[in-house]
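> Fold the following.
(2 chains)
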There are 2 protein chains.
Amino acid sequence: MKTVKIGILGLGTVGGGTYEILDMNRELIEKRIDREIKVEKVLEKNMDRLKALGLHESQATQNPDDILKDPEIDIVVEALGGIEPSTTFMLTAMENGKSVVTPNKAAVAANFDKLHKTAQENNVEFRFEASVGGGIPALTAITEALAGNEFSEVMGILNGTTNYILTKMTDLGLDYNEVLKDAQAKGFAEADPTADVEGIDVANKLSILMALAFDKYVPPTEIPTVGISKITMDDIEAAKAKGCKIKLIAQAKKVGDSVEYNVKPMEIENAHPLAGVSNEFNAIYVTGNAVDEVMFYGKGAGALPTGSAIVGDILAIAKAL
Amino acid sequence: MKTVKIGILGLGTVGGGTYEILDMNRELIEKRIDREIKVEKVLEKNMDRLKALGLHESQATQNPDDILKDPEIDIVVEALGGIEPSTTFMLTAMENGKSVVTPNKAAVAANFDKLHKTAQENNVEFRFEASVGGGIPALTAITEALAGNEFSEVMGILNGTTNYILTKMTDLGLDYNEVLKDAQAKGFAEADPTADVEGIDVANKLSILMALAFDKYVPPTEIPTVGISKITMDDIEAAKAKGCKIKLIAQAKKVGDSVEYNVKPMEIENAHPLAGVSNEFNAIYVTGNAVDEVMFYGKGAGALPTGSAIVGDILAIAKAL
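Numbers count the residues shown, from 1 in each chain, chains lettered A, B, ... in the order given. The predicted structure follows:
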């Protein structure tokens, strides 16, 4: 059995979740793809994180080049987050002949073309299923199983924090600030929730979805974006009276030869499949000229769901090596 | 650009839909996979079907061997339906070095091991995404993007006819026979609806899902199966009173080292994502130890949705050729 060697940049929630899955499902994975997946080295300075996962200190480095330039390593998982230095690390890994897997939506959306071009030039793979919808395998579906379709529309509920807040406002009649505080207490919202509640995180994800579905790259900063921080109970009640729910929707659709796109709170009819997507769940709803309407639903965040998508990408690359 | 040559067995609804998609999305497909997909020959005696699709009579044959043994053909699409002669045709195609794509759940479920073994022995691909859930790319998701998961449960609404009937009984308060007649008039149910309403079609699909998710093949005839023909308005009302909807559910779950499985009408709580799957739509709901819960929703039948899945399989094979 061939051994495929992995380097992981960052053992935080997602990097740690990735390691955990590779460890807990090792036997099953080896049986399925006839490859041993070995985590060779991790970039991490917090030794407690290594110990908690059963890794030895000798497997850690604090010098990224020990991974990015190690000729033994086949695949680099970038799980640091943020646009830089993550993008530079990914480019360096590819220039050194390594395939790259990342959940980093900010970096992928900011540098989509550059990252793809570099992968192509170096004849390596660049995969980022986990960057949109966490564990939901929507990107692979769009680019592979649904590749026979011309897409006319992509809609999504792409942020668990805002969907949790809107669900609680709708179901419990509580106002925005009250629910936000509760979400922060439960760990569903960050101490600084701006990127989530103002739709910035969702705009990154829509940028990636559009690039794949429509072959049209729009930088996230150019996507008209409205968050949920101004949504009041009056808005929620007005929607209810019309048989609708307010959801923070990322939407892109073909209109003639151009694509219209935005991120904003929208009233979604209760009968629409997206209206049933509650709490921290995400969903991606796609319309194609062959498949018609199709929706993918699941957990958009969390160590293991996001790790599931990263491991799926690792296995796809490993099988082809 | 490399040309990949296809033979299609049967130009009925699904075979015709496959051709239509390859024709209407030709440019986009060539751009996406850098391959020309050429339908070289079709097995079909009805010349009206050829003409309606813009094919020339010279492209048709009535001798299966003209396709199965043509050294020019790379991929055979088996769209005849039924267990035989479809299975024999698929085996012959593989023995002659061709990859095979099929939507034929009856043949795949009846001969799962034999078909896979023959594909392996001949070093060709055997793909059947369209056999479960029509256009919904659930099988590829289970075997590829979610391959890092150990699955604990698979549930599905896998038959559009029965879901349409149950939805109309629930929403309109009409009884089974009344709705069945209406469904037959609208073309949502066959003149002889037995295979649909008695759950036989669903058992075939569950057999395939279990083989992929649990690596456990159970012949469909050994799956305990109850259909919907005995469901009364009293049952529907009793479910409603409990905040549930009756759905025909295919279910398989791990219990210790074994797998429990059956097809039967079940009361599904309104809050469960499967309760929102209405009319002719299908959904597959999967639980994995990494991804947690994930659901795939879309059209489980029809020329173009089913053709979408077949074309996805063709493109996956063509890219690797």
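
> Tell me where the stretch 101-250 of chain A has strands.
A:126-127, A:151-157, A:244-255 (DSSP state E, counting those that start in this stretch).

> could you dump these to a markdown table with mean neighbour count, mean pLDDT and distance to residue A:289?
(Glycine included, C-beta is placed from N, CA and C.) A markdown table is the format used below for the strands of the stretch 101-250 of chain A (neighbours: other C-beta atoms under 10 Å in any protein chain shown; pLDDT from 0 to 100; distance: least, C-beta to C-beta, whole Å):
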| stretch | mean neighbour count | mean pLDDT | distance to residue A:289 |
| --- | --- | --- | --- |
| strand A:126-127 | 22 | 98 | 26 |
| strand A:151-157 | 23 | 98 | 7 |
| strand A:244-255 | 20 | 98 | 10 |
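
> so can I have JSON lines of those showing distance to residue B:60?
Formatted as JSON lines, those follow (distance: least, C-beta to C-beta, whole Å):
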{"stretch": "strand A:126-127", "distance to residue B:60": "41"}
{"stretch": "strand A:151-157", "distance to residue B:60": "32"}
{"stretch": "strand A:244-255", "distance to residue B:60": "35"}
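
> among those, which is nearest residue A:300?
With C-beta to C-beta as the criterion, residue A:300 lies closest to strand A:151-157 of those, at 8.0 Å.

> now for that closest one, which elements pack on it?
In terms of contacts (3 or more C-beta pairs under 8 Å, 6 or more residues apart in numbering or on different chains; DSSP states H and E), strand A:151-157 is packed against helix A:200-214, strand A:244-255, strand A:281-288.

> does the shortest one come close to chain B?
By that I understand strand A:281-288. Yes. Counting by C-beta under 8 Å from any C-beta of the partner chain, contacts between strand A:281-288 and chain B involve residue A:288.

> Next secondary structure after that strand?
Next along the chain after strand A:281-288, taking DSSP states H and E as the criterion, comes strand A:292-299.

> How about that following strand and chain B, touching?
Yes. Under the criterion of C-beta under 8 Å from any C-beta, chain B is reached by strand A:292-299 at A:292, A:293, A:294, A:295, A:296, A:297, A:298, A:299.

> which residues touch the nearest residue to the last one once chain neighbours are set aside?
Counting by C-beta to C-beta, 6 or more residues apart in numbering or on different chains, residue A:305 is the residue found nearest to residue A:299 once chain neighbours are left out, at 3.9 Å. Residue A:305 sits next to A:17, A:134, A:135, A:298, A:299, B:290, B:291, B:292 when contact means C-beta atoms under 8 Å, 6 or more residues apart in numbering or on different chains.

> Mind doing that once more with 7 Å?
A:134, A:135, A:298, A:299, B:290, B:291, B:292 (C-beta atoms under 7 Å, 6 or more residues apart in numbering or on different chains).

> Kindly report the same for residue A:126.
With C-beta under 7 Å, 6+ apart as the criterion, the residues that contact residue A:126 are A:94, A:100, A:115, A:116, A:119.

> what's the answer for residue A:293, then?
The contact partners of residue A:293, taken as C-beta under 7 Å, 6+ apart, are A:285, A:287, B:298.

> same check, this time on residue A:68
Contacts of residue A:68 by C-beta under 7 Å, 6+ apart are A:76, A:89, A:92, A:93, A:96.

> Identify the residue spatially nearest to the most centrally placed residue in chain A, adjacent ones excluded.
By C-alpha atoms, centre = their mean, chain A has its centre lying nearest to residue A:131, at 2.1 Å. The shortest distance from residue A:131 to any non-neighbouring residue, by C-beta to C-beta, 6+ apart, is to residue A:105 (4.1 Å).

> returning to that earlier point: let me know the closest of the contacts of residue A:68 to chain B.
The nearest member of the contacts of residue A:68 to chain B, counting by C-beta to the nearest C-beta, is residue A:76 at 17.3 Å.

> Helix, strand, or coil at that closest one?
strand (DSSP: H, G, I helix; E, B strand; the rest coil).

> So what pairs up with it in the strands?
Counting by DSSP bridges, residue A:76 forms beta bridges with residue A:7, residue A:100.

> any idea which of the contacts of residue A:68 is the one closest to residue B:277?
Set against residue B:277, the nearest of the contacts of residue A:68 by C-beta to C-beta is residue A:76 (39.5 Å).

> right, and that closest one touches residue A:94 too?
No. Residue A:76 is beyond contact range of residue A:94, at 8.5 Å (criterion: C-beta atoms under 7 Å).

> of those two, who's got more company?
Ranked by neighbour count (other C-beta atoms under 10 Å in any protein chain shown), residue A:76 and residue A:94 place residue A:76 first, with 28 against 24.
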